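Peer 1: Provided below for reference: sequence and predicted model.
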Amino acid sequence: MRITVEKQPIARVEKPFIVLTEDEKWELHVPQATCDFTSGPALDASTGDQRDFAKVKVCKMRSDDKDPLDVVAYNTLDAEDERITTDLQSALDDGKDLVLCPGTFYLTKTLVVRFPNQVILGLGLSTLIAPQDGSPCIRVLANKPGVTIAGITVEGSMQKKSPTMISNFMGSTNSDG
């Protein structure tokens with residue numbers, strides 16, 4: 001038996017990073033993919049896109065983090081979770097990039113990326129908990145090239161069950177089955 005492995009191009013894609021410029025302005029630098037070098041991004045952004053922070057939404061988690069050992073509280077969504085999810089989606093709809101601070105974000109619906117080249121960047125340990133309807137944390141619409149999602153952890157959620165699902169699971173006494 002003979003196995004032939006074709007030579008594949010070596011590409012390097014660095015995650016975006018934040019820079020404080022000499023004139024004390026924050027920028028989001030988004031390096032381009034490269035096959036030319038593998039030593040890391042050029043910190044002068046000569047090989048990528050520099051974005052002013054006016055087009056970046058910095059997102060903080062809820063003010064009171066839920067206790068993961070309290071299963072009921074951890075899986076109960078409230079108005080603050082809805083507000084945070086709405087703020088995140090509004091920023092994406094406005095064409096802004098997202099920078100997520102460390103913490104847990106309990107999504108009430110899928111975040112939809114609608115524009116090419118948008119960035120969702122997590123700092124530290126940023127975690128997105130999926131919506132309880134079983135939908136994904138993030139959906140990138142078709143034909144939106146250059147979207148970068150980096151530095152985040154995604155976690156499934158406890159699915160909400162309808163009374164019908166629960167009764168069917170527990171064994172229905174209903175003659176309909």
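Peer 2: Structure's in. What do you need?
Peer 1: Pull the number of nearby residues for residue 29.
Peer 2: Residue 29 has 19 neighbouring residues, counting by other C-beta atoms under 10 Å. C-betas here are computed from N, CA, C, even on glycine.
Peer 1: Looking at it now. What's its pLDDT?
Peer 2: On the pLDDT scale, residue 29 is placed at 90.
Peer 1: Quick check: it vs residue 49, distance?
Peer 2: As judged by C-beta to C-beta, to the nearest Å, residue 29 and residue 49 stand 7 Å apart.
Peer 1: so which helix or strand takes in the closest residue to residue 58 other than its chain neighbours?
Peer 2: The shortest distance from residue 58 to any non-neighbouring residue, by C-beta to C-beta, 6 or more residues apart in numbering, is to residue 99 (4.9 Å). If you go by DSSP states H and E, residue 99 is part of strand 97-100.
Peer 1: List the neighbouring strands of that strand plus their orientation.
Peer 2: The pairing partners recorded for strand 97-100 under DSSP bridges are strand 56-59 (parallel), strand 119-129 (parallel).
Peer 1: could I get the lengthiest helix in the chain in PDB with only the CA atoms?
Peer 2: Ordering each helix of the chain by length in residues (DSSP state H) puts helix 79-93 first. Extracted in PDB, the C-alpha atoms of helix 79-93 (Å, rounded to 0.1, in the frame of the first residue of the first chain):
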ATOM      1  CA  ALA A  79     -34.100  40.100  32.200                       C
ATOM      2  CA  GLU A  80     -30.400  40.900  32.600                       C
ATOM      3  CA  ASP A  81     -29.500  37.900  30.300                       C
ATOM      4  CA  GLU A  82     -32.000  39.200  27.800                       C
ATOM      5  CA  ARG A  83     -30.600  42.700  28.000                       C
ATOM      6  CA  ILE A  84     -27.000  41.500  27.500                       C
ATOM      7  CA  THR A  85     -27.900  39.300  24.500                       C
ATOM      8  CA  THR A  86     -29.900  42.200  22.900                       C
ATOM      9  CA  ASP A  87     -26.900  44.500  23.400                       C
ATOM     10  CA  LEU A  88     -24.500  42.100  21.800                       C
ATOM     11  CA  GLN A  89     -26.800  41.500  18.800                       C
ATOM     12  CA  SER A  90     -27.500  45.300  18.400                       C
ATOM     13  CA  ALA A  91     -23.800  45.900  18.200                       C
ATOM     14  CA  LEU A  92     -23.300  43.200  15.600                       C
ATOM     15  CA  ASP A  93     -26.300  44.600  13.600                       C
END
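Peer 1: Great, nothing more from me.
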